[in-house]
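Peer 1: For reference, the sequence and a predicted model appear below.
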Amino acid sequence: MAARWGRITGRRLAVAGLAVCGVLAGLVGAALALSPSDAPSRAWAEENLSGDVLAHEGWDGTPNLLFWHWDGPNAKVSFDHLRRDPISIAWPPTPRWQWTGAWYSIAATDAPASLGIARCTGVLGEVCDKPTELFGQVNAPEIVALEVAYDGAWHRFPVAAPGFAVRLPDFHGGPSSYRWLDAAGGVVWTTGQASPRSAP
């Protein structure tokens with residue numbers, strides 16, 4: 001009887017082991033299938049992630065998102081990138097793209113434009129060798145470009161309402177000045193101007 005019980009228990013353990021191995025293999029396979037080429041589009045982000053997406057940029061195969069959201073009683077604009085988690089914290093625990101949750105935030109505003117600096121995106125308070133990234137709102141519809149002063153010159157980047165995220169190529173510091181331009185090259189807004197009022 002003991003020998004028979006041992007054979008039954010052994011079979012159950014073997015079946016359970018195979019089932020666990022199958023599930024793990026499936027998760028690993030799905031994680032490998034979730035490649036950078038499958039990075040979510042802006043439409044996917046708007047449908048599946050919390051917050052209103054203001055800008056969506058892909059750098060190095062990683063989606064970078066700017067989104068408007070409430071943080072308690074305050075409206076904020078936050079910049080974050082998505083990561084590929086092989087096992088998500090949501091159910092079912094399948095591989096999926098998710099926020100890193102280590103975003104940079106600035107207060108939302110109704111000024112013509114706003115700007116935040118991400119010196120090392122996704123790693124708060126640390127120095128890294130990634131290029132500086134800028135983000136912010138664009139509320140004035142006539143704004144079509146952001147000019148940034150660094151390395152002794154002005155550098156222009158196309159931007160548009162409702163928001164932007166730009167990476168400064170080969171620059172790792174803090175720019176000295178910013179200005180937003182209209183299609184004719186006229187200055188619509190600069191960082192030295194006072195905001196009419198902040199969003200509630």
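Peer 2: In hand now; what should we look at?
Peer 1: right, and the helix or strand after the worst-scoring helix or strand of the chain on mean pLDDT?
Peer 2: Every helix and strand in the chain was compared by mean pLDDT, DSSP states H and E; the lowest is helix 2-33, with a mean of 48. Next helix or strand after helix 2-33 toward the C-terminus (DSSP states H and E): helix 42-48.
Peer 1: any idea which element the spatially closest residue to P169 that is not a sequence neighbour lies in?
Peer 2: In this structure, P169 finds its nearest non-sequential neighbour in P131, 6.1 Å apart by C-beta to C-beta, 6 or more residues apart in numbering. To be clear about C-beta, it is placed using only N, CA and C from the backbone, and glycine gets the same treatment. Assigned by DSSP H and E, P131 belongs to no helix or strand.
Peer 1: Does P131 touch P175 like I think?
Peer 2: No. Between P131 and P175 there is no contact under C-beta atoms under 8 Å: 11.6 Å.
Peer 1: Now the common contact residues for those two.
Peer 2: L168 (C-beta atoms under 8 Å, 6 or more residues apart in numbering).
Peer 1: The residue nearest to P169: how many residues sit nearby?
Peer 2: For P131, the count of nearby residues is 18 (other C-beta atoms under 10 Å).
Peer 1: can you tell me which residues contact it?
Peer 2: So P131 contacts R167, L168, P169, D170, F171, H172 (C-beta under 8 Å, 6+ apart).
Peer 1: Would you report which members of those residues are assigned to strands?
Peer 2: Within the contacts of P131, residues falling in strands by DSSP state E are R167.
Peer 1: Let me have the contacts of P131 in a markdown table, extended by neighbour count, distance to P73 and pLDDT.
Peer 2: Formatted as a markdown table, these follow (neighbours: other C-beta atoms under 10 Å; distance: C-beta to C-beta, whole Å; pLDDT from 0 to 100):
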| residue | neighbour count | distance to P73 | pLDDT |
| --- | --- | --- | --- |
| R167 | 18 | 32 | 95 |
| L168 | 18 | 33 | 94 |
| P169 | 8 | 38 | 90 |
| D170 | 8 | 40 | 87 |
| F171 | 14 | 36 | 90 |
| H172 | 14 | 35 | 85 |
